[in-house]
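S.K.: Provided below are the primary sequence and the corresponding predicted coordinates.
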Amino acid sequence: GAGVSQSPSNKVTEKGKDVELRCDPISGHTALYWYRQSLGQGLEFLIYFQGNSAPDKSGLPSDRFSAERTGGSVSTLTIQRTQQEDSAVYLCASSLQGSDTQYFGPGTRLTVL
Amino acid sequence: GQQLNQSPQSMFIQEGEDVSMNCTSSSIFNTWLWYKQDPGEGPVLLIALYKAGELTSNGRLTAQFGITRKDSFLNISASIPSDVGIYFCAGQWTGTASKLTFGTGTRLQVTL
């Protein structure tokens, strides 16, 4: 079946612009995660959605970052007033339930000029 | 955010050699995971460990969950060219928060 998909695959933007990154999880997966991977680094947790529960936003680096998950499926990560340090690969993962294996999408490479 | 200490940072080995990498944490986890990431792709799960002291194999891969719950290692036996990639450990505290805390990665390059 289809895996986790993300769009766009690459995004180049100018400093100060807002960007939206999209994640389509595996159908039926109730848990969805966003991670950020800076160049040459490991993945850093950003936010976690589980069903209808309030999301765990503990990893969001600033209030310029927000995410929503509509209808328990697709999720959008929004970065407002982008800065150069926001440049990274943003990865989405989903799992059947919160404690199950997380399956990752290919990521969106964001470059802020 | 927190990242686990993973070593070595990179390795150059010859095809057929065995590889060993490890991961340490200042805090305990109840699940340890090892992922492999190829260029332009998301990480793919290799092995999951759920119990302190557990030793698990998946083909040529063997991983162990440290007794203290603060460390894990991954061995790859008889490496082949397609083993090239970046290997990440990840700790997870299931039950209350399912986010993964990742290691800094080990870049593996295999020469013929």
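M.R.: Done, it's in.
S.K.: show me the shaky parts of chain A.
M.R.: Within chain A, the segments meeting pLDDT under 70 span A:1, A:98-99.
S.K.: residue closest to the middle of chain A?
M.R.: A:Trp34 (3.4 Å; Cα atoms, centre = their mean).
S.K.: wait, what's in contact with that residue?
M.R.: A:Trp34 makes contacts with A:Cys23, A:Phe45, A:Leu46, A:Ile47, A:Tyr48, A:Ala67, A:Ser75, A:Leu77, A:Tyr90, A:Leu91, A:Cys92, as judged by Cβ atoms under 8 Å, 6 or more residues apart in numbering or on different chains. For every residue, glycine as well, the C-beta is placed using N, CA and C.
S.K.: surely the fourth one meets A:Ala54?
M.R.: No. With contacts counted by Cβ atoms under 8 Å, A:Ile47 stays clear of A:Ala54, the gap being 11.1 Å.
S.K.: if we can go back for a sec, ok, what's across the strand from the residue nearest to the centre of chain A?
M.R.: Going by DSSP bridges, A:Trp34 is paired in beta bridges with A:Ile47, A:Cys92.
S.K.: and the gap between it and B:Gly42?
M.R.: Distance of A:Trp34 to B:Gly42, given as Cβ to Cβ, to the nearest Å: 12 Å.
S.K.: likewise B:Ala52?
M.R.: Taking Cβ to Cβ, one finds B:Ala52 at 28 Å from B:Gly42.
S.K.: show me which of the two is the more surrounded one.
M.R.: B:Gly42 (23 against 16; other Cβ atoms under 10 Å in any protein chain shown).
S.K.: and the more buried one, what does it touch?
M.R.: Counted by Cβ under 8 Å, 6+ apart, B:Gly42 has contacts A:Val4, A:Leu91, A:Ala93, A:Phe104, A:Gly105, A:Pro106, A:Gly107.
S.K.: which among those residues gets closest to B:Gln3?
M.R.: Of all these, B:Gln3 sits closest to A:Leu91, with 14.9 Å by Cβ to Cβ.
S.K.: and the contacts of B:Gly42, which is closest to chain B?
M.R.: Proximity to chain B was ranked across those by Cβ to the nearest Cβ; first place goes to A:Phe104, at 3.0 Å.
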